[in-house]
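> after the sequence you'll find the predicted model.
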Amino acid sequence: MKKIAVIGATGSLAPMVIKEMIENGIAVKALVRNTEKAKKVLPSEVEIVLADLEDVDSLIKGFANVDYVYLNLSTEHPDSKFQPECDGVRNVIKACESTGIKRIFKISGLGAFRKDFAQGKTIFVNEIRIKGQELIKSSGIPYTFFHPSWFMESLELMFQKGNKLNGFKPIKHPIHWIAGKDYSRMVINAIKNEGPENKDYIMQGPESITLHDALVRYSKTFSPPLKVSETPIKLIKIIGLLVSKFKIIGMMGEYFKEFKEEFIADQTWSELGKPTLTIETFRK
C-alpha cells in the first residue's frame, strides 16, 4: 500500500482529495498544526500527526515510513515573514532529503504555469508559487505539479453569502472551471499510475464559462435561485484602500480581468481521465 503525507490537509480542498485517497487504498498521514480540527474534518482512517512547516524536525518525523508527499499550501500576505509556498517548501525539501521521499505532488495554479494567459499582468500569489516550484525542481526530488483553473467550489467559498452571490466585473474571458471532485479523481490517478517523473498537469474542466454565466447558472441550482450581483473591480480596489481584505480581492480581480485562458489540458485528460462535473452537478 502506498503511503502519502499531506500538508495543508484541513484546507477547503484537501479533505476532498484525502477522501479519494482513502477510497482508493492509499494510506494517508496528515501533518497538521491543529489536531483537533483535523479530527473533525478528515476521515477516521487518516493518521494525524502534529507538525509545522516552520519546524524541519517535525516534518522529518512526520515523513517517517512515507512514500510520497502531497502539498496543498497557502499563500500569505506578501509582507508575511514566512511563506508556506516558498519558505515552507524549502523546509519540506530538507525533510524529504533526510527521509528518502520518492516524489512530491503539489497543487499550484494555472497562472503559475502559463504566465502569458494574464496578458502581461502578475500577482504575488503566482510569483511566490513559482519560487517554490523552482526550489523543488532544483532539488532533484521527482515531482508532479497540478495546475488547476478556477474551482467550482469557489462560487460558494468566495462569492456566496446566504441567499446572495456577489461576484466582480468585468472578468472578460471564459474560465475552464473544474470541480474539486474531478480534480481529486485526477490526482489519485496520477498517484496510482506514478507515470513519468517531473510532470506538469493542467487541470481544466469540461466547459468554458464566463464568471457572470457561472454565477447565474450556479444560482439556479438553488430553489429559489440565489440573487446575483457583481461589484466593479474599480470599486473593490477603492474599498481596499480602507479594508485590507478587499485590497487582496481587488488585486485578484485586476489580475483576472484580462486573463485569457486557452484549453491546454488534452494530455492531462488523456492520462488522468476527463472531468465530467458541471456547474449544475458538482454540488451533488
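That came in fine, so what should we check first?

> what number of residues lie near P15?
P15: 21 surrounding residues under other C-beta atoms under 10 Å. C-beta here means a position set from N, CA and C on the backbone, and glycine is covered the same way.

> typo on my end, K61
For K61, the neighbour count with other C-beta under 10 Å is 15.

> repeat for K161
Around K161 there are 9 other residues, counting by other C-beta under 10 Å.

> ok, what's across the strand from it?
Assessed by DSSP bridges, K161 has beta-bridge partners K164.

> per-residue confidence for it?
In the prediction, the pLDDT value recorded for K161 is 94.

> and if you look at the one 3 residues further on?
What the model reports for K164 is a pLDDT of 96.

> can you pull the contacts of it?
Listed by C-beta atoms under 8 Å, 6 or more residues apart in numbering, the contact set of K164 reads 226-229.

> pull out the buried members of those residues.
Using 16 or more other C-beta atoms under 10 Å as the burial test, the contacts of K164 include 226, 228 as buried.

> TSV please, covering the contacts of K164 and showing secondary structure and pLDDT.
Converted to TSV, these look like this (DSSP: H, G, I helix; E, B strand; the rest coil; pLDDT from 0 to 100):
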residue	secondary structure	pLDDT
L226	coil	97
K227	strand	97
V228	strand	97
S229	strand	96
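
> find the pair from the contacts of K164 with maximum spatial separation.
Maximum pairwise distance among those (C-beta to C-beta): 10.0 Å, between L226 and S229.

> S12 is in contact with E153, isn't it?
Yes. S12 lies in contact with E153 (C-beta atoms under 8 Å); the separation is 6.7 Å.

> show me the strands in the stretch 51-200 of the chain, by range?
68-71, 103-107, 143-148, 160-161, 164-169, 199-203 (DSSP state E, counting those that start in this stretch).

> and those strands, which is most packed in?
Mean neighbour count (mean count of other C-beta atoms under 10 Å) peaks for strand 68-71 among the strands of the stretch 51-200 of the chain, with a mean of 25.

> run through who's touching it.
Strand 68-71 has contacts (C-beta under 8 Å, 6+ apart) with 2-8, 17, 63, 89, 92, 96, 101-107, 187, 191.

> quick one: buried ones out of these?
2, 4-8, 17, 63, 89, 92, 96, 101, 103-107, 187, 191.

> so which of the residues you listed belong to helices?
Using DSSP state H, 17, 89, 92, 96, 187, 191 are the members of the buried ones among the contacts of strand 68-71 that sit in helices.

> now do the residue nearest to the fourth one when sequence neighbours are not counted, the pLDDT please.
So that's C96. Leaving aside its sequence neighbours, C96 sits nearest to I141 (C-beta to C-beta, 6 or more residues apart in numbering; 5.4 Å). Here the pLDDT value assigned to I141 is 97.

> try the one 5 residues further on
Confidence at F146, expressed as pLDDT, is 98.

> repeat that for R114.
pLDDT, R114: 96.

> what sits against it?
Counting by C-beta under 8 Å, 6+ apart, the residues that R114 touches are 147, 262, 264.

> from these, which is closest to K131?
For those, the minimum distance to K131 (C-beta to C-beta) is 15.5 Å, reached by H147.

> hmm, the closest one is touching V187, no?
No. Judged on C-beta under 8 Å, H147 makes no contact with V187 at a distance of 12.0 Å.

> buried set for the helix or strand hosting K245?
If you go by DSSP states H and E, K245 is part of helix 244-256. Going by neighbour count (16+ other C-beta under 10 Å), the buried part of helix 244-256 is 246-256.
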